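> pasting the sequence and the predicted model now:
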Amino acid sequence: MTDDQRAEEFDVAAGQNHQEEPPQYGVGPFSIREVALVGVWLVAFVVSFFSIDEGRFNSVWTASILWILSIGVPTVAVFLIVLRRLSPTGIRRVGSLGIDQFASVAFSVAAIVWLQLVWETVAFGIDSGRWVRTWVIWVELALMLIGVVLTVFAPLLPTLGQDFRGRAEVPAHPNARPIRPVSPRPAAPRAEEPAGADFAEYAPPATEATAAYDTTTAYDTGSAYGTQRAEAAPAAEAASGTEAAPLPETTSSAEARAEQEPAAATTAFEPAHTRDTYEAVETPSSTAEPAAESSQRHQAFWALVPEERDVVDEIGIPVFRIGPTAWALVIEDRVDVFVVRHEDGRIGYLHDVSGVTRG
């Protein structure tokens, strides 16, 4: 359906609505309700120039900014009502409010302001026995209440309500339309645990008897260190009476071992295929580098932080803390974030990964 067809249907519907209602008569281009509202405002505007205080002259126009809500805003509302009749294509709304809605708000606010002045005057008169304000506040309160009737309650009255019946239907302002439903934000996906991994096999022992550990979990089984550690593990297990879990050694101990062992012996001890694999991984131009990095990021390893740090959940709430006195199990390396698993099964994210010692 084209825009012209929609406009034609709209005009037909509007004409039908006008035909259903009897003709509306008024004074010139204004309806009876609008004429009454302009008359009420005119009297209130003139009275506002009289003093509201006894003993000295003080009108709402000279009492700070009291004039804005007491008479200024209703003046703007009446001006827009008159302008709407004289210029139908002029201003049609104030923000998201239609002109009649704005007038209802304006006279309601003004009535509350004058009611506040009357309330203060009566309360002070009961306490002190003196009336400090003049008749102006009473007259203004009565006029503003009449304005509320002509704006807020006019659609409910028989004669005044005719001004609101038979009006053409028009699209609502975006701010005046029904609100949109709010959907709950989807939760962030949790990190997946290694398939078939039991946390018991990653838990570091509490004693030093199991310092020698099986590196087949944290290292490549084909490396020289992996073979030597695997051979040293049975002796430590026999001394402790339990199966030893893997415990990484710090950077300082690894460097000391590297200084004590000749480089030639290490190279000779490593199998040829293992050295080739390491060279392929360490060479920047190797085509196997992306696959090796991806495998390393998803392989669990031990980490030791230099000071206590918070491990948080998806929205940043601390879940637990890790420190330099105990190794922490990292189940996934996301470059700038580590996914850490606590010994009780809780999983969180370590955002500060600077200075971390890898096992």
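Right, received. Where do you want to start? Numbers count the residues shown, from 1 in each chain.
> quick one: residue 133 from residue 89, how far?
Residue 133 sits at a distance of 44 Å from residue 89 (criterion: C-beta to C-beta, to the nearest Å). Bear in mind the C-beta positions are built from the backbone N, C-alpha and C, glycine included.
> just residue 130 next, same as before
Distance, residue 130 to residue 89, by C-beta to C-beta: 55 Å.
> tell me which of those two has more neighbours.
Using other C-beta atoms under 10 Å, the more surrounded residue of residue 130 and residue 89 is residue 130, with 9 against 6.
> how is the chain divided into domains?
Domain assignment of the chain by automatic domain parsing yields the ranges 10-171, 300-359.
> want to throw these into CSV with distance to residue 177 and mean pLDDT?
Output for the domains of the chain, formatted as CSV (distance: least, C-beta to C-beta, whole Å; pLDDT from 0 to 100):
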stretch, distance to residue 177, mean pLDDT
domain 10-171, 9, 88
domain 300-359, 32, 89
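> show me where pLDDT drops low in the stretch 151-300 of the chain?
The stretch 151-300 of the chain contains residues with pLDDT under 70 at 176, 191-298.
> which ones are touching residue 92?
Residue 92 sits next to 84, 98-99 when contact means C-beta atoms under 8 Å, 6 or more residues apart in numbering.
> then residue 107?
Taking C-beta under 8 Å, 6+ apart, we find residue 107 in contact with 74, 77, 144, 147-148, 150-152.
> so is it in a helix, a strand, or just coil?
Per DSSP: H, G, I helix; E, B strand; the rest coil, the secondary structure class of residue 107 is helix.
> please report how far it lies from residue 344.
As defined by C-beta to C-beta, residue 107 lies at a distance of 65 Å from residue 344.
> then residue 324?
According to C-beta to C-beta, residue 324 and residue 344 sit 20 Å apart.
> more neighbours: these two, which one.
residue 324 (12 against 7).
> in this structure, which spans are strands?
For the chain, the strands defined by DSSP state E occupy 26-27, 30-31, 93-94, 97-98, 301-304, 309-312, 318-322, 328-333, 338-341, 347-350, 357-358.
> and of those strands, who's closest to residue 65?
Taking C-beta to C-beta, strand 93-94 is the member of these nearest to residue 65, at 19.8 Å.
> counting by contacts, list what that closest one packs against.
helix 99-128 (3 or more C-beta pairs under 8 Å, 6 or more residues apart in numbering; DSSP states H and E).
> now the helix it packs on: buried residues?
99-111, 113-114, 117, 121 (16 or more other C-beta atoms under 10 Å).
> again, but for stretch 325-332
The neighbour-count check on stretch 325-332 (16+ other C-beta under 10 Å) flags 327-332 as buried.
> repeat for stretch 26-41
Residues of stretch 26-41 classed as buried by neighbour count (16+ other C-beta under 10 Å): 30-34, 36-38, 40-41.
> cool, stretch 139-146 as well?
Buried-residue list, stretch 139-146, by 16+ other C-beta under 10 Å: 139-141, 143-146.
> which residues does it contact?
40, 43-44, 47-48, 70-71, 74, 107, 110-111, 114-115, 117-118.
> any idea which of these is closest to residue 56?
residue 117 (16.0 Å).
> who's in contact with the residue lying closest to the closest one once chain neighbours are set aside?
Excluding the flanking residues, the one nearest residue 117 by C-beta to C-beta, 6 or more residues apart in numbering is residue 137, at 4.7 Å. Applying C-beta under 8 Å, 6+ apart, we find residue 137 in contact with 52, 114, 117-118, 121.
> now the residues you listed in CSV, with distance to residue 340?
What follows is the contacts of residue 137, written out as CSV (distance: C-beta to C-beta, whole Å):
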residue, distance to residue 340
52, 71
114, 66
117, 65
118, 67
121, 69
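> between those, which is nearest residue 188?
Proximity of the contacts of residue 137 to residue 188 (C-beta to C-beta) peaks at residue 114, which lies at 55.1 Å.
> separation between the nearest residue to that closest one once chain neighbours are set aside and residue 23?
In this structure, residue 114 finds its nearest non-sequential neighbour in residue 141, 4.1 Å apart by C-beta to C-beta, 6+ apart. Plainly put, residue 141 is 36 Å away from residue 23 if you go by C-beta to C-beta.
> which one of the buried residues of stretch 139-146 is nearest residue 59?
residue 140 (10.7 Å).
> all helices for the stretch 251-359 of the chain, in order.
Per DSSP state H, counting those that start in this stretch, the stretch 251-359 of the chain carries helices over the ranges 251-260, 263-269, 272-282, 289-297.
> show me where the stretch 51-200 of the chain has its helices.
66-67, 73-86, 99-128, 136-151.
> so which of those gets nearest residue 307?
Closest to residue 307 of the helices of the stretch 51-200 of the chain, according to C-beta to C-beta: helix 99-128, at 59.0 Å.
> and the angle for that closest one with helix 136-151?
With axes from the mean of the first three to the mean of the last three C-alpha atoms, to 10 degrees as the basis, helix 99-128 and helix 136-151 are set at 150 degrees to each other.
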